[in-house]
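My questions are about this predicted structure, shown below with the sequence.
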Amino acid sequence: MASRVYQSHSESATQTFAARLARRLRGGEILGLVGPLGSGKTCFAKGIARGLAIPQIITSPSFVLLKSYQGRLTLHHVDFYRLEMPNDFFSIGMDELLAPDAVIVIEWADRFLPLLPKPLLLISFEVLGRNDRQLSFETHEAHPDHFNYLLQNLDIVTKRLAPDKQRTISKDDL
Ligand SMILES: Nc1ncnc2c1ncn2[C@@H]1O[C@H](COP(=O)(O)OP(=O)(O)O)[C@@H](O)[C@H]1O
Ligand SMILES: [Mg+2]
C-alpha cells in the first residue's frame, strides 16, 4: 500500500469510514492516529468501536491514558496527549496489550513513535475546513502492502468517486 489519501466532509462520514475499516480488523493491529486537536482522531476511534460492535459510546481517554472495551475484538484506546513520562506507560507492557484478539488505537502516536511496537498503520489527520478532513494512511516499519486488507474493502465503496490516490468519503459511502 502506497500512502493513501482520503477526504471526509462530515463527522459521520469519518466515523462510518472507520467503522467499515474496523470490520476488516483481524486482531493484533496497532493504529496510530496523528494530527492536531480537533482533527478527528477521537471521532475515528469512535467509528472503530462501532465497527467492532462495542456497545458503549467511547470517550476521549485523555485523562486516563488508556480505556479498554470489549466487542468483536478488544479495543485498547490510548491517548498520548498528556503523557509526559513514557516509561510510566511502557512499563505496564504495551506488548501485553497486543493480544491476538485485541486492537490498539493510539491518539498522538507520533509523540512516542520510536517506542511503539511495529508494524504500525499510521493515519494522519489534517483539517482542510470546518467539516473537511484529510486522512492519510501509511505503514510504519512494515511492507507497504502489509495493511492492504484493511483498506481493500473501502476501495469498493469509494471507487466510483476515485481518482487513483485521492478518494472522497461522501454521503454516498454511508
Ligand atoms: N469530517 C470530519 N471528520 C471528523 N470530525 C469532524 C469532521 N468535520 C468536523 N468535525 C469535528 O471536528 C471535531 C473532531 O474532534 P475529535 O475527534 O475529538 O478530534 P481529536 O481527537 O483529533 O482532537 C469534532 O468536533 C467534529 O464534530
Ligand atoms: Mg482526541
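Good, I have the coordinates. Ligands and ions are numbered 1, 2, ... in the order given.

quick one: low-confidence parts of this structure?
The chain contains residues with pLDDT under 70 at 1-2, 61-63, 88-93, 153-174.

Sketch out the helices for it, chain order is fine.
Here the chain has its helices, by DSSP state H, at 11-22, 41-51, 86-90, 94-97, 148-158.

highest average neighbour count across the ones you listed?
Per-stretch averages of neighbours, counted by mean count of other CB atoms under 10 Å, single out helix 41-51 among the helices of the chain, with a mean of 24. For glycine as for every other residue, the C-beta is placed from the backbone atoms N, C-alpha and C.

Which neighbouring elements make contact with it?
When contacts are defined as 3 or more CB pairs under 8 Å, 6 or more residues apart in numbering; DSSP states H and E, helix 41-51 sits against helix 11-22, strand 30-34, strand 74-79, strand 102-107, strand 120-127.

Remind me what the first one packs against, helices and strands.
To tie it back to what came earlier, the one meant is helix 11-22. strand 4-8, helix 41-51, strand 133-140, helix 148-158, strand 166-169.

near ligand 1 at all, that helix?
Yes - interface with ligand 1: helix 11-22 contributes E11, A13, T14 (CB under 6 Å from any ligand atom).

Quick one: residues contacting the last one.
The one in question is T14. T14 makes contact with S8, G40, C43, F44, G47, R133, L135, I169 under the criterion CB atoms under 8 Å, 6 or more residues apart in numbering.
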